[in-house]
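J.: Turn this into a structure:
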Amino acid sequence: MTELETIARAKMYIDKLANGINPLDDTAVAENDVVNNVRISRCLFFVSDTLRRVLENGGVGVTSRVKKNKFKITAEELEKFEFSDRPIPVSEITKRINDIADTENSTKLSHNTITSWLSEIGMLNEMINTEGKKRKRPTAEGAELGIFVKERIGQHGIYHVVLYNKSAQKFIVDNIPSVIENHNNKTINGNQGLPWTDEQQQQLVEMFRQNASINEIASALNRSSGGIRARLKKLGYDI
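T.: Below you'll find the predicted structure:
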């Protein structure tokens, strides 16, 4: 095996780890595995991009890093998304989205971006497990959508993974523009990531019926405009 082939294989391993996939057997790693930590994931993506540029330069090291644009994907590209009939974790959904997007000059989508948006619209809720660690779990609305928790046994014992059925996958893909907007324009302080209360939903509907703009509603409720649009859509309102 040549040096370039070794670098290419190393990049393949790192790409899979960055997307929460075990490179040895292509299975999803445990939710509480260190590679699913957002800081570790970002580092892995950085290393992968560095190795990519080394390969493109024929093995010559890269001393300067070109700043990439924010993640984006077209409607035409999203039409190529391959839905899975079996439930899959959000890391696999994210990988399939990145595989069809043009990430040559833009950053890749992180699965944390998707789960953050799902929390924003009330599909996921943050909880503390018996070990005192924060974990996202489906709310009643999330479960109705097709998000559920399954117990698995790994080399370190029992762990739990959050899975998404085909209906939940379609919901995420259909709302990718809102996911991206929520990530790019999220508020510094406020209610982002918190479940919607009945009072907040009532205020949302009232302001919308009074023809308040999306930005005005987002400001009043301390949420992102993407989260407002997603909640209105969930409540059956056309935007």
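J.: the helices in the chain, which residues?
T.: 3-18, 38-56, 75-78, 90-100, 111-120, 140-145, 166-174, 176-184, 198-209, 214-221, 225-234 (DSSP state H).
J.: tell me the angle the longest one makes with helix 90-100.
T.: Read that as helix 38-56. For helix 38-56 against helix 90-100, the angle between stretch directions is 30 degrees (axes from the mean of the first three to the mean of the last three CA atoms, to 10 degrees).
J.: Just the angle for helix 38-56 relative to helix 3-18, thanks.
T.: Going by the same axes, to 10 degrees, helix 38-56 makes 160 degrees with helix 3-18.
J.: For helix 38-56, name the packing helices and strands.
T.: helix 3-18, helix 111-120 (3 or more CB pairs under 8 Å, 6 or more residues apart in numbering; DSSP states H and E). Any C-beta I mention is one placed from the backbone N, CA and C, and that applies to glycine too.
J.: List the buried residues for it?
T.: Residues 41, 44, 45, 47, 48, 49, 51, 52, 54 are the ones in helix 38-56 that count as buried (16 or more other CB atoms under 10 Å).
J.: Need the helices of the chain in TSV (columns: mean pLDDT).
T.: Output for these, formatted as TSV (pLDDT from 0 to 100):
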stretch	mean pLDDT
helix 3-18	84
helix 38-56	80
helix 75-78	93
helix 90-100	93
helix 111-120	89
helix 140-145	95
helix 166-174	96
helix 176-184	83
helix 198-209	86
helix 214-221	80
helix 225-234	84
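J.: now those in CSV, with distance to residue 31?
T.: CSV is the format used below for the helices of the chain (distance: least, CB to CB, whole Å):
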stretch, distance to residue 31
helix 3-18, 14
helix 38-56, 13
helix 75-78, 26
helix 90-100, 9
helix 111-120, 10
helix 140-145, 15
helix 166-174, 16
helix 176-184, 20
helix 198-209, 28
helix 214-221, 30
helix 225-234, 23
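J.: Identify whichever of the ones you listed lies nearest to residue 25.
T.: Set against residue 25 and scored by CB to CB, the helices of the chain come closest in helix 3-18, at 10.3 Å.
J.: what's the closest one packed up against?
T.: helix 38-56.
J.: gap between the closest residue to residue 27 other than its chain neighbours and residue 114?
T.: Closest residue to residue 27 apart from its sequence neighbours, by CB to CB, 6 or more residues apart in numbering: residue 21 at 7.2 Å. As judged by CB to CB, to the nearest Å, residue 21 and residue 114 stand 16 Å apart.
J.: Point out the most buried one among the helices and strands packed on helix 38-56.
T.: Highest mean neighbour count among these (mean count of other CB atoms under 10 Å): helix 111-120, with a mean of 23.
J.: Dump that helix to CSV, restricted to CA.
T.: The C-alpha trace of helix 111-120 is given here as CSV (Å, rounded to 0.1, in the frame of the first residue of the first chain):
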residue,chain,number,x,y,z
HIS,A,111,-26.1,15.9,13.4
ASN,A,112,-26.1,18.2,16.4
THR,A,113,-27.6,20.9,14.1
ILE,A,114,-30.5,18.6,13.4
THR,A,115,-31.1,17.5,17.0
SER,A,116,-30.9,21.1,18.1
TRP,A,117,-33.7,22.0,15.7
LEU,A,118,-35.8,19.1,16.7
SER,A,119,-35.4,20.3,20.3
GLU,A,120,-36.4,23.8,19.2
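J.: Good, we can wrap up now.
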